[in-house]
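Q: below is the sequence, then the predicted model.
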Amino acid sequence: MQQPEILSLAERLIPAYKTADFEFLLGQMTEGQAASVKILVKMELGRIMTPCSKPIDLRGKVKGECREYQLNGLTHWLDDVAFNAYHKNTQKFGGYTEGVWDALCNTHNNFRVMQKRSQSSEGNDQSSSYGVEVEAITIGHDLKRKENRLKVAAQVELLLPKNKLVHAVIVDLSPSGAKFKVPSAMKYQPSDIIAVKFTEFNNTLEIEGLNNSISYRVVAIDDSYENDAIKYLRVINLDSTEVIKEVIEHVTEVEGKKTRQDNKNKIISARVRSFEHTFLKHTCSLPIFFSGSSMKLVLTTENNKRIWQYWTDERNQQALNSLFQPQRVSQLIVPGASETSNTIYSFTHEHQSKRLFFSMMAPEASQELRNLFFHIGARRSSWRVFKLTVFELSNDERQAISEHSHELELDADTLTHCAVLQEIADSDCSADYLLSDKPNLANSQLNRFRHDRNPEQDPTYFYFDSKALRRETRYSFQSPLRLSETETLHHEGTLVDISNHGANIVLQTPCKLRAGSLCTINFSELNNLDKKLSLQSVCYQIIKISPGGQKIQLAIVENEQTEPVINFFETLIKHNKEKLNAIEEFLPSDNLIEGLHHILISKISNSPIFVEKRGKSLRPRIIGVKAPFKSYVEVLAQLGEEQKFSLGPIYKGRANSLLAQPMKPVSNPNPQFNELYITIARFGNRIQNVESKLREDFSNTKERVEFIKHAQTTGDVYVIRINSLPVLDPITTLTRKNISELVQINLSTARNLEKEIQSIVGFAELTDITEEVLLRLGISHQ
């Protein structure tokens, strides 16, 4: 019998060693073999089960960083892989034996073992083949953190349920909680109560009570995507002891680290918040706040205006509030549920010069009626699909908003929920909704989904940055006028306010104009102020009309004929500025924006990507992530190396279509949307292969369906909607405030942060739409 077979027999007999059945089992397993085989197996078993007193020092011998551990009275230098192997094998061998020593000296990342295997590095470097590696920053880094955490590496002992002892290492520590690095060989469960002994601190610090165990509850278990030998436990302190606070104070003060630690925390926090500000400014998601079933507050940005503008009718009146009828909102708000999510399908229909809105949530209709809605709506260019996620506001969040009730001019105390509306499909995907047969139902059955024309709700809305958006100041000014729809149809009215290029007026009788229509205004009284200038037929464009058709917002049509009129109003305002009352534009205060920032950053679940320019090419630099990671984010983390995430499945080979084209620096850019299909082939927990295709890479729908179904048999499939656009002004008001605060700590760091944010030239947002795509293609979850 060969040596490997003898070693295999010995390993299989370890559980029976020194038991009454050992000789019987040994005889059975070596039956028919030479007598020497039994002797060799016994000798090998005796060797590997012998207690070991040799320390292990793997420094310079393994691919990984080693640290010092005190285990069984011995000092070892182990990396994470060996640390995990120690726990796994001490359980297997019943203690620290020669067999454990062998296992730790022959881990898979040992340089000698790697050289002996003489295999290509293709498997080990698989993730690097995907390239496009980026830094990951944790969105909401200091959102719920009420205290600073001490970054420290010190050994502790954890006593798990059923008295299982585990050696671990502190990653960070605060009086109320901690994060421990633990071997993955052991099993951990959320909500487990564990007893922790701070053994290394107890040996070096003289603090009363430090030798006692402290109880913690496990709140989360995080994988290490670089090293499957370890996991991270996030825990909260259950004891009222002040011992940990004393430890932190002693370590920071004795080592002179307190100020440096505080400054480091402020720098990290300022950097993350700056990226968060840029994220919220450029997100395509639309945040909405509710008081019960009533919509009260909407926050607009330069990029979510696509959603905002979609829900405007021919008068430029908002129809978004009619989307949230009280009966529908009652379905969205589930008592006791902190978060609910629904899909909304919608389209518009032009009837008698009126734009009518239709919308449906899946639970509101039978399958047959849904198919009818799809067949009628998806054939129109106005077809849209939205994901609406509703969150219940916590007491702290309500309190934070209520402090700004006066500024918002609403009773913020009554706000109960925050919703995030995001577009996940448009008319480009409409063919997917027409795969089933059209049901034999009358089209009139869809009338139940038609919106009211003039809903009673009138929410407050403002731009999510304290930057003036108006082109010019408006001034209250009253003067009679006449509006002409046509040569024969006229309306008498009054000027309410003016600016160089615009006006607000009120008519005595309703008009039938639409937003975008042209009309002429006769300023009969103002015409007397300048005999050389005619103000009897000035051409204006309709911007917005009230539901009653009498209150109208106008913008002058700029051309050679109206240029003297613009100069006239400019002179009129300039010479009478002291007499005119300026109409102030509502600009949210920094405190209001920051308060809403803290709420929204925890609600928007998309992953932002920040793109910089290197030379002549664009390159993703940072991805924003949240714990716990979404499944597709976990994949990107697993493919990355050295704590970076790989965006290779997204951008490799697509620099032009996903970076250069959509991120061209043009004024008033519109986001570009792409659907990316990613398949993951796995062997156990390891990723064997990754393949990705854009929607347009498929020749037809059948090929796309087969691609998804094949992926389901070998691993996982994800469909990601990518919103891409250029960033013209990455610095927000709050970012400037953060940088100003950093100047007091370190001028160089503040300048570097400003340069880093200003280097952002492109922005992308990743949204997981897998569930919706499978549903519309009629593919079941595997």
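A: That came through fine.
Q: so residue 721 sits in a helix?
A: No - counting by DSSP: H, G, I helix; E, B strand; the rest coil, residue 721 falls outside a helix, being strand.
Q: quick one: mean pLDDT over stretch 497-514.
A: Throughout stretch 497-514, pLDDT has a mean value of 93.
Q: now it: buried residues?
A: 497-505, 507, 511, 513 (16 or more other Cβ atoms under 10 Å). C-betas here are computed from N, CA, C, even on glycine.
Q: is it possible to export the residues you listed to a markdown table including secondary structure?
A: Output for the buried residues of stretch 497-514, formatted as a markdown table (three-state DSSP):
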| residue | secondary structure |
| --- | --- |
| 497 | strand |
| 498 | strand |
| 499 | coil |
| 500 | coil |
| 501 | coil |
| 502 | strand |
| 503 | strand |
| 504 | strand |
| 505 | strand |
| 507 | strand |
| 511 | coil |
| 513 | coil |
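Q: farthest-apart pair in these, please.
A: 500 and 511 (24.2 Å; Cβ to Cβ).
Q: low-confidence stretches in the stretch 101-250 of the chain?
A: 117-130, 141-148 (pLDDT under 70).
Q: now the strands for it?
A: Along the stretch 101-250 of the chain, counting by DSSP state E, counting those that start in this stretch, strands occupy 133-138, 150-151, 155-160, 164-174, 177-183, 193-197, 214-223, 230-237.
Q: how about those strands, which one is nearest residue 674?
A: Using Cβ to Cβ, the nearest of the strands of the stretch 101-250 of the chain to residue 674 is strand 133-138, at 18.2 Å.
Q: what does the closest one contact?
A: Strand 133-138 has contacts (Cβ atoms under 8 Å, 6 or more residues apart in numbering) with 271-272, 275, 609, 620-627, 637, 640-641, 643-648.
Q: circling back to that earlier point, tell me which of the strands of the stretch 101-250 of the chain lies nearest to residue 696.
A: strand 133-138 (24.7 Å).
Q: could I get the contacting residues of residue 375?
A: 433-434, 438-439.
Q: residue 721 now?
A: Contact analysis of residue 721 by Cβ under 8 Å, 6+ apart lists 424-425, 673-676, 766-767, 769.
Q: quick check, nearest of the residues you listed to residue 213?
A: residue 766 (43.3 Å).
Q: so how far is residue 603 from that closest one?
A: 16 Å (Cβ to Cβ, to the nearest Å).
Q: pop the domain breakdown of this structure in here.
A: 3-58+82-120, 140-255, 284-463, 474-583, 606-777 (the TED database).
Q: contact partners for residue 78?
A: Residue 78 neighbours (Cβ under 8 Å, 6+ apart): 56, 58, 66-67, 69, 86, 104.
Q: report the distance from the helix ranked longest in the chain to the chain centre.
A: If you go by DSSP state H, the chain has its longest helix at helix 258-282. Remark: helix 258-282 is offset 17 Å from the chain centroid, using Cα atoms, centre = their mean, to the nearest Å.
Q: and the contacts of strand 133-138, which of them are in strands?
A: Counting by DSSP state E, the part of the contacts of strand 133-138 found in strands is 609, 620-625, 645-646.
Q: most neighbours, which of those residues?
A: In terms of neighbour count, residue 645 stands highest of the ones in strands among the contacts of strand 133-138 at 28 neighbours, by other Cβ atoms under 10 Å.
Q: that one contacts residue 634, doesn't it?
A: No - using Cβ atoms under 8 Å, residue 645 makes no contact with residue 634, being 9.9 Å away.
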